[in-house]
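Peer 1: Quick one, structure for this:
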Amino acid sequence: MNAKTAPSAQPEAPTSTTPSRETTKPWLWAAAPDTPLTEDDHPFSGKWIWFTPLSLLDASWTTIRAATQDGLLGHRSKAGTLINTRPKNDDTRRPICVYTRDWRDIADVQRALTNLRALGIVDVLLYKTDSDTRRGRYGTGASTFVAPATKLKLVIPKRTREALEHHHAARTQARRAAAARRKAPTTNHT
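Peer 2: Numbers count the residues shown, from 1 in each chain. The predicted structure is shown next:
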């Protein structure tokens, strides 16, 4: 196991709960405490994606699953199994995804990244919104955030910066309108 790309988890014996042995489902899931796996997606949810080498998939999933169940990462995580393939994908890797509830909550996105790095994951990590996934947005330019290899710093692409600026401007405008309504004199209709 390459210490530069994999967490230091002890490999577990292959079972149907390991991605390399699962033959009926494309994903294996884990949830944080008090989070059901059947929970609906949050409207602004997103995920850190680590394209894990097959040779490290089971040990890596063991580490991510445990950290998720301990509440150290996001509210859910999932690992692609060997039957999880898409055309034009690299067959030597599978995705492991760590979900956060709101991609606009940069502090929470950063917290999850910091904890992933603390687990020993030093590869490039990509963050993508679930809404982009539902729209079929894949490949170059689809990432909301990027964490270069070994770095804790979020790289925020222009498209994401513009979306965050629009979100913050809309929130500011809504707050101002609410404040104006509170200050406006009420008319007494008799």
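Peer 1: Pairing partners for the residue nearest the centre of the chain in the sheet, please.
Peer 2: For the chain, the residue nearest the mean C-alpha position is residue 47 (1.5 Å; CA atoms, centre = their mean). Under DSSP bridges, the beta-bridge partners of residue 47 are residue 99, residue 128.
Peer 1: Run a quick neighbour tally on residue 133.
Peer 2: Neighbours of residue 133 under the rule other CB atoms under 10 Å: 17. For glycine as for every other residue, the C-beta is placed from the backbone atoms N, C-alpha and C.
Peer 1: Can you classify it as helix, strand or coil?
Peer 2: The three-state assignment at residue 133 reads helix, by DSSP: H, G, I helix; E, B strand; the rest coil.
Peer 1: ok, now how distant is it from residue 27?
Peer 2: Using CB to CB, to the nearest Å, we find residue 133 at a distance of 13 Å from residue 27.
Peer 1: just residue 61 next, same as before
Peer 2: 11 Å.
Peer 1: what sits against the residue lying closest to residue 22 once chain neighbours are set aside?
Peer 2: Closest residue in space to residue 22, ignoring its immediate chain neighbours: residue 81 at 4.0 Å, by CB to CB, 6 or more residues apart in numbering. Residues near residue 81 by CB atoms under 8 Å, 6 or more residues apart in numbering: 19-20, 22-23, 25-28, 94.
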